[in-house]
Each structure stands twice: as structure tokens, then as C-alpha cells.
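Asks: Just to be clear, the model below is a prediction. Sequence and coordinates:
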Amino acid sequence: MREIYLVTHPEATHVVEKLVGGWYDADLTARGTEQAERIATSIAARTPPRGTALFSSDVRRTRHTAEAIAAHLDVDPVLDSGLREQSYGAAEGLPVGIIGFEPLPVAGDRLRHHDGVEGSETRLDLATRVYAALERVIDHGAEHSVVVAHGGSATFVIAAWIGMPLESLGSVKFKLAPGSISVLRQHDVASDRQVISLNEVEHLN
């Protein structure tokens with residue numbers, strides 16, 4: 001059996017300060033740091049004491065979440081920029097609303113739509129690199145893995161896990177709260193890739 005615990009980082013400073021996130025290197029708030037410990041405790045109670053692999057986006061808010069988990073699992077996190085949030089280019093770190101975005105159209109090629117901000121990514125850019133990052137997690141070969149990502153990039157971890165073609169992702173969104181845990185599992189016999197739970201948040205209380 002292969003099992004992946006998909007974690008979204010908890011409360012981060014850019015959200016509280018109403019700044020554009022993406023690749024902006026915001027850290028966890030004090031509350032987010034406490035939540036990271038609760039996440040780590042929950043993960044440690046559900047995974048084997050040895051042999052669990054840990055992967056994380058490389059920005060501070062995810063890295064520090066992964067470090068809390070690593071301390072409980074006694075492993076070193078593998079940092080992978082492919083798990084980062086969607087890049088918002090020149091708008092990152094600025095107050096929300098300072099730079100206008102061209103919103104996704106209701107219809108048409110949402111996958112390749114560009115928001116008009118210099119340096120930002122399309123949904124296809126994001127999905128392509130997250131799909132590749134999940135392949136690296138799978139290729140590692142661990143039966144139990146933890147992946148620390150962002151609310152946006154985690155959608156495409158799940159989509160990649162269940163085999164959704166890239167071209168089908170124009171309107172896909174799994175609503176995942178900060179600090180959530182979702183459990184992905186591959187069935188022993190049928191090899192089906194299952195979504196066992198989505199957006200668990202009870203451990204944060």
C-alpha cells in the first residue's frame with residue numbers, strides 16, 4: 001500500500017497582512033506555528049515510526065511546516081520548488097488590489113489564460129510543474145509520504161494522483177483550508193488511486 005498525506009501550510013503572514021502570496025516568501029504567523037505542531041502530532045500518530053518520506057515546497061511557510069513534521073518523524077524534508085503556489089509575478093508581496101489581475105474567463109481556454117501581471121504563471125504552468133513534482137514523490141518509492149504544499153498547488157497534487165489529464169484542469173479546484181490534511185492511497189490489489197479524505201481540519205482544534 002502506498003499512502004500520501006497531503007498537507008497545506010497553516011496560517012501565514014501574507015494572508016493576515018493582506019499581501020499577494022504566490023512565491024512571496026512569507027512565514028507562518030505565531031498561530032500558524034502552533035498549528036504546524038498540531039499537524040505534526042497528527043501526522044506522527046498516523047504514520048510508521050520509520051520509513052516515512054517528507055517532501056515540501058521550498059518557501060518559508062511550507063518549509064517551516066515541514067520542519068515541524070520532520071522533528072516528529074526524525075526525517076529530513078526534501079525541498080521541491082515544483083510544489084510552490086502559483087506565481088503571481090510582479091504582484092507578489094504587494095498589498096492585494098494594488099496591481100489588477102485579468103480574471104479567468106468563465107469559458108474558453110482557462111488553462112492558458114494569463115492574468116496580465118509580468119512574471120505570473122498560467123494554470124497550465126502551475127499544473128505542469130506540480131504533476132512533475134508528484135512524479136518525483138512517487139519515484140522515491142516510499143510506502144508512506146507526506147507532501148507539504150499550498151492551497152492552490154495541492155489541488156493539482158490531487159488531480160495528478162487521480163490521473164486527470166492536464167487538458168481537463170481548466171476549471172478544477174479542491175477547496176482546501178490552511179493547515180488541512182488530505183489522505184491519498186493506492187489500493188494494494190486493484191492499484192486504484194483513492195482519495196481517502198479531503199480537507200481534514202479537526203486536528204487544528
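Replies: Received, thanks. Numbering: from 1, shown residues only.

Asks: does residue 143 really touch residue 51, like I thought?
Replies: Yes: assessed by CB atoms under 8 Å, residue 143 is found in contact with residue 51 at 6.9 Å. Yep, even glycine has a C-beta here, placed from its N, CA and C like the rest.

Asks: which regions of this protein sit below the pLDDT cut-off?
Replies: Scanning the chain for pLDDT under 70 picks out no residues.

Asks: Which positions are bridged to the one residue sitting closest to the centre of it in the beta structure?
Replies: For the chain, the residue nearest the mean C-alpha position is residue 149 (2.2 Å; CA atoms, centre = their mean). Residue 149 forms beta bridges with residue 8, as assigned by DSSP bridges.

Asks: ranges for the helices of this protein?
Replies: Ranges of helices in the chain, per DSSP state H, are 13-16, 30-46, 60-73, 123-140, 151-161.

Asks: Let's have those helices in JSON lines, adding distance to residue 82 and mean neighbour count.
Replies: Output for these, formatted as JSON lines (distance: least, CB to CB, whole Å; neighbours: other CB atoms under 10 Å):
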{"stretch": "helix 13-16", "distance to residue 82": "21", "mean neighbour count": "16"}
{"stretch": "helix 30-46", "distance to residue 82": "21", "mean neighbour count": "18"}
{"stretch": "helix 60-73", "distance to residue 82": "12", "mean neighbour count": "22"}
{"stretch": "helix 123-140", "distance to residue 82": "3", "mean neighbour count": "18"}
{"stretch": "helix 151-161", "distance to residue 82": "9", "mean neighbour count": "23"}
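
Asks: what's next to stretch 120-140, contact-wise?
Replies: 2, 4, 22, 53, 55, 78, 80-84, 86-91, 104, 110-114, 145, 147, 149, 152-153, 156-157, 159-161, 166, 169-170 (CB atoms under 8 Å, 6 or more residues apart in numbering).

Asks: Buried only: go through the residues you listed for me.
Replies: 2, 4, 22, 53, 55, 78, 80, 82-84, 86-89, 91, 104, 110-111, 113, 145, 147, 149, 152-153, 156-157, 159-161, 169-170 (16 or more other CB atoms under 10 Å).

Asks: So which of those residues are in strands?
Replies: Of the buried ones among the contacts of stretch 120-140, the ones assigned to strands by DSSP state E are 2, 4, 53, 55, 78, 145, 147, 149.

Asks: and which of the residues you listed is nearest to residue 199?
Replies: Checking these against residue 199 with CB to CB, the nearest one is residue 149 at 13.1 Å.

Asks: so who does the closest one touch?
Replies: 6, 7, 8, 9, 56, 57, 62, 83, 130, 157 are the contacts of residue 149 under CB under 8 Å, 6+ apart.

Asks: Dump the residues you listed into TSV; add distance to residue 69 as well.
Replies: Compiled in TSV, these are given as follows (distance: CB to CB, whole Å):
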residue	distance to residue 69
6	12
7	7
8	13
9	11
56	8
57	13
62	11
83	14
130	20
157	16
